[in-house]
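> Model the structure of this input:
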Amino acid sequence: MNKRFLLFLTSLWMISIIYAFTTTAPVVTADDSNNTTGNNTINARRQPYDDGYGYGYGYEHRYEAEYARPVSCFSSDTLVTLINQQKIPIGKRRVGDQLLTLSGTKIVSTEMMMMLDQNQLSSAMFYTIITASGHRVSLTSLHLIAAITYDGHIAYIPAKNIKNGDTLRVVTNGRVYSSSVIDIIKEIKFGYYAPLSITGTLLANNVEVSCFSNVKNHDIVQFYMSPLRWYYRLSRLLSIEQPFGNHTVNGIHYVAYLLHKIAQFVYPSIIQLS
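Below you'll find the predicted structure:
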């Protein structure tokens, strides 16, 4: 069976799991008030509840130790642009926000679906990519960014593979331009976020980037996400404000975990861990 089709079917199956999580699992929150060591995620993960098989730990957090992977996100100082041209910090995005992204050479709108991962308390290594136009964006090593190939097509490649002279798509004064990379700085920054939009892309500091990381093909993953988008749109039509649950604590969203596990089983070659 075609791997893409199998991914598609398994993601349909996953919708039923998501529905079960969002309708039965309690929200677990971390107590930030007495924590100065960056351990809020661990504390939240240890909050127990009865998962139907006895006294256990919340699904949203107990898998974090199992799901050992490099952080793959945007830095907390990243700005995104709403359709009214207002720029907001990426950590303040909310489900349903209308944001700007690119489609071809046009600026279009997209919608925030969920936050796949977030941590306000931890630091990470970022690749800060600077263009000749003065644009700069900070991504972790395996986060995908849109680069223009020699034949003019768009290729989504990991931030760590970007080189001086590569061409990115940027927005200045409401117009789309191509701009060459002139410098790449590796730096530690505090706080990171991994949002997911309907289009799978967004403008981060007015640079076109993917919402995906740790994968080798942006387009396949975006296709794989189709059932999630259908579920999201239907939920919003039914006035469900949080189709994937109210994930506000530091840590990985259970949807990200499920997607990763399904990909490991169905299409392991698409995952990139280094």
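> what pLDDT, on average, does the helix or strand where Leu168 lies get?
According to DSSP states H and E, Leu168 maps onto strand 167-172. On average, the pLDDT along strand 167-172 is 98.
> Give me the next element, helix or strand, following that strand.
Heading C-terminal from strand 167-172 (DSSP H and E), you reach strand 175-197.
> Against which helices or strands is that following strand packed?
Applying 3 or more C-beta pairs under 8 Å, 6 or more residues apart in numbering; DSSP states H and E, we find strand 175-197 packed against strand 74-75, strand 98-103, strand 106-131, strand 167-172, strand 207-213. Glycine gets a C-beta too; all of them are placed from N, C-alpha and C.
> tell me what the first one is packed against?
In terms of contacts (3+ C-beta pairs under 8 Å, 6+ apart), strand 74-75 is packed against strand 136-139, strand 175-197.
> so the longest one versus strand 207-213, what angle?
Orientation of strand 175-197 against strand 207-213 (axes from the mean of the first three to the mean of the last three C-alpha atoms, to 10 degrees) gives an angle of 20 degrees.
> change the start of the numbering to 17 and stick with it
Understood, numbering begins at 17; the last thing we discussed is strand 191-213.
> Just give me how far strand 191-213 sits from the chain centre.
14 Å (C-alpha atoms, centre = their mean, to the nearest Å).
> Direction included, what does that strand pair against?
Strand pairing for strand 191-213, using DSSP bridges, gives strand 90-91 (antiparallel), strand 122-147 (antiparallel), strand 183-188 (antiparallel).
> quick one, which of the ones you listed is nearest to Val271?
For Val271, the closest of these is strand 122-147, at 6.4 Å, according to C-beta to C-beta.
> Pull out the buried positions in the closest one.
123, 126-137, 140, 142-147 (16 or more other C-beta atoms under 10 Å).
> can you give me the angle that strand makes with strand 114-119?
Going by the same axes, to 10 degrees, strand 122-147 makes 80 degrees with strand 114-119.
> Can you check which of the helices and strands packed on strand 90-91 gets nearest to Ile164?
Among those, strand 191-213 comes nearest to Ile164, with 5.8 Å by C-beta to C-beta.
> For the closest one, could you pull out the residues that count as buried?
For strand 191-213, a neighbour-count test (16+ other C-beta under 10 Å) marks 192-193, 195, 197, 200, 205, 207-213 as buried.
> Equivalent analysis for stretch 163-179, please.
163-164, 170, 172-175, 178.
> one step back: out of the strands paired with strand 191-213, which gets nearest to Asn100?
Per C-beta to C-beta, nearest to Asn100 of those: strand 122-147, 10.5 Å.
> tell me the mean pLDDT for that closest one?
According to the model, strand 122-147 has a mean pLDDT of 95.
> ditto for stretch 270-289
For stretch 270-289, mean pLDDT rounds to 84.
> Grab the CA positions of that stretch and hand them over as PDB.
Provided in PDB are the C-alpha atoms of stretch 270-289 (Å, rounded to 0.1, in the frame of the first residue of the first chain):
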ATOM      1  CA  TYR A 270      -0.400  14.900  22.900                       C
ATOM      2  CA  VAL A 271      -1.300  15.400  19.200                       C
ATOM      3  CA  ALA A 272       2.400  15.900  18.400                       C
ATOM      4  CA  TYR A 273       3.200  12.800  20.300                       C
ATOM      5  CA  LEU A 274       0.600  10.700  18.500                       C
ATOM      6  CA  LEU A 275       1.700  12.000  15.100                       C
ATOM      7  CA  HIS A 276       5.300  11.100  15.900                       C
ATOM      8  CA  LYS A 277       4.400   7.600  17.000                       C
ATOM      9  CA  ILE A 278       2.200   7.000  13.900                       C
ATOM     10  CA  ALA A 279       5.000   8.200  11.600                       C
ATOM     11  CA  GLN A 280       7.500   6.000  13.400                       C
ATOM     12  CA  PHE A 281       5.300   3.000  12.800                       C
ATOM     13  CA  VAL A 282       4.000   3.700   9.300                       C
ATOM     14  CA  TYR A 283       6.700   5.800   7.600                       C
ATOM     15  CA  PRO A 284       9.800   5.900   9.800                       C
ATOM     16  CA  SER A 285      12.100   7.100   6.900                       C
ATOM     17  CA  ILE A 286      10.400  10.500   6.900                       C
ATOM     18  CA  ILE A 287      11.500  11.300  10.500                       C
ATOM     19  CA  GLN A 288      14.800  13.200  10.900                       C
ATOM     20  CA  LEU A 289      16.400  13.200  14.300                       C
END
